[in-house]
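1. Okay, sequence plus prediction incoming.
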Amino acid sequence: MSSSIDYPKCEGVPTPPLPFSPAVRVGDLLFISGQASTDESGKILPDTFEGEVRRSIENLRKVVEAAGSDLSRVVQTRNYMRDSANLPKFNELYRELFARPFPARTTITDCLPPSLQFEIECVAVVKPA
């Protein structure tokens, strides 16, 4: 059995100047590239940690929906934080922004450049037709 690889058109989502696709679909799985606190042109919008998390997840939502799914169908997230001191606040926000049962999750701290406090990527399942 072979699965085709698709690159969904994601109109109206942040478009970074970097060489990657916002979303790639293989079968019923969507692989969503890292989303940060950016505007639609891909320009980083600095904010508080909470503000960056909220904007990043809003950008993630836009890409997931444009690619044919929604946040309730996210099965895994990978999260990157500049400062591990923000982990308790991140857990609080994650509980608010994702529903139980929560997606599988990996969180890596102390890994981002000074211009960015948070980034998130995910794997989601396409919504049934």
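-> On my side now, so go ahead.

2. what about the nearest residue to Y7 once chain neighbours are set aside, neighbour count?
-> Of all residues not flanking Y7 in the chain, S21 sits nearest, at 5.1 Å (Cβ to Cβ, 6 or more residues apart in numbering). The C-beta positions use only the backbone N, C-alpha and C, and glycine is treated the same way. For S21, the count of nearby residues is 15 (other Cβ atoms under 10 Å).

3. Could you list the low-pLDDT ranges of this structure?
-> By pLDDT under 70, the low-scoring segments of the chain are 1-2.

4. Looking at it, which helix is longest?
-> Taking DSSP state H as the criterion, the chain has its longest helix at helix 49-66.

5. For it, enumerate the helices and strands it packs against.
-> For helix 49-66, the elements it packs on are strand 23-26, strand 29-36, helix 87-97, strand 118-125, judged by 3 or more Cβ pairs under 8 Å, 6 or more residues apart in numbering; DSSP states H and E.

6. State the distance from the residue nearest to Y7 to Q76.
-> Per Cβ to Cβ, to the nearest Å, S21 is found 18 Å from Q76.

7. same deal with K43?
-> Distance of K43 to Q76, given as Cβ to Cβ: 28 Å.

8. Same question for V125.
-> To Q76, V125 is 10 Å away according to Cβ to Cβ.

9. Provide the secondary structure category for C10.
-> Judged by DSSP: H, G, I helix; E, B strand; the rest coil, the three-state class of C10 is coil.

10. Okay then, goodbye and thanks.
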